[in-house]
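Undergrad: Structure for this input, please:
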Amino acid sequence: MRLQFILSEIGIGLRRNLSMTISVVLVTFVSLTFVGAAGLLQMQISKMKDQWYDRVEVSVFLCPATSSEPTCASGEVTEDQLAEVRSALEGPEAGPYVDEVFYESQEEAYASFQDQFDDQFWASVVTVDDMNASLRIKLTDPSRYDVVADVVAGRQGVETVENQRRLFDQVFLVLNRATLLAGGLAAVMLLAAVLLITTTIRLSALSRRRETGIMRLVGASTFFIQLPFMLEGAIAATVGAGLAVAGLWFGVENVVQEWLGGTVTWIPFVGADEVWSIAPLLVGVAILLAAISSIVTLSRYTKV
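TA: Numbering: from 1, shown residues only. Below you'll find the model as predicted:
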């Protein structure tokens, strides 16, 4: 009997404030979509770091015959200069962080270049002499790439030193800032959702002030009086969370996996599993929003 009464009160409240209820659903949907997008972006960054940081290499480009760098004043790198660079990499300063060193000749660099850019018209004008011989250094600890780079940079026979992690860090910086932007928008939208849920509950409570007064007179508890209003907000917020989860799933499956995944095959993208992993969090946030709004509103507007 009590359950039937509570369900009846919830239905009445939702019908009386239908436009406000729809607004709550939509605002919650948008805000939690931003929350979910921020979470998925962080997961994307983590997946990329797990794959790329383990493959970070320091590339030591050796002097070609035509370089104008001061360290290449003697012309093309000599065997003695190359031996000195190798010796520095095996020394006590860099040695603990060096796993393997691979030598790539100009011919090998040219073949790799042609494989990668054979569909570009300008690649046909590049010759073997335009390429650098190099040392590719695989690290035991990718976070210490700067130590290895500093050891070989500026040595005779070394034209430039490039560490891949610096390039990756720039990508991750952009993604982290996008995450902060999404998080900031989510915070604003969550505040708007709290205010809108609070307004909806207040209007519902005011429209049924006479009924709540009668319930108080016949001995109904405060919790029993407030429960329908709390559930109205929780239902609207949960529906919004469900729409957010559905929207994120659709975006990940169709935009990220099918479109981006089919075009950019060398990046590990987030998938549906990551969406389902954050779904309980989004539903929990929706319920928390409704709870906060109910606590703020009901203690005042259900008094008789």
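Undergrad: where along the stretch 201-304 of the chain do the strands fall?
TA: Shown for the stretch 201-304 of the chain, no strands are assigned by DSSP state E, counting those that start in this stretch.
Undergrad: Only the buried residues of stretch 35-53, if you could.
TA: Under the neighbour-count criterion of 16 or more other CB atoms under 10 Å, stretch 35-53 has 35-45, 47-48, 52-53 buried. (C-beta placed from N, C-alpha, C; glycine too.)
Undergrad: Partner strands of the helix or strand hosting Lys138 and their direction?
TA: Lys138 is located in strand 134-139, with elements delineated by DSSP states H and E. Strand 134-139 has the following strand partners under DSSP bridges: strand 57-62 (antiparallel), strand 98-104 (antiparallel).
Undergrad: quick check: domain ranges of the protein?
TA: 2-52+169-301, 55-163 (automatic domain parsing).
Undergrad: Ser112 and Ala149: what is the separation?
TA: Using CB to CB, to the nearest Å, Ser112 is found at 22 Å from Ala149.
Undergrad: Then Ala286?
TA: For Ala286, the distance to Ala149 (CB to CB) stands at 48 Å.
Undergrad: on that earlier part again, mean neighbour count, mean pLDDT and distance to Ala246 added to the strands paired with strand 134-139, as JSON lines?
TA: Compiled in JSON lines, the strands paired with strand 134-139 are given as follows (neighbours: other CB atoms under 10 Å; pLDDT from 0 to 100; distance: least, CB to CB, whole Å):
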{"stretch": "strand 57-62", "mean neighbour count": "24", "mean pLDDT": "83", "distance to Ala246": "42"}
{"stretch": "strand 98-104", "mean neighbour count": "14", "mean pLDDT": "85", "distance to Ala246": "45"}
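Undergrad: Redo these as a markdown table? Include distance to Thr179.
TA: Converted to a markdown table, these look like this (distance: least, CB to CB, whole Å):
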| stretch | distance to Thr179 |
| --- | --- |
| strand 57-62 | 27 |
| strand 98-104 | 32 |
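Undergrad: looking at those, which is closest to Ile197?
TA: strand 57-62 (52.2 Å; CB to CB).
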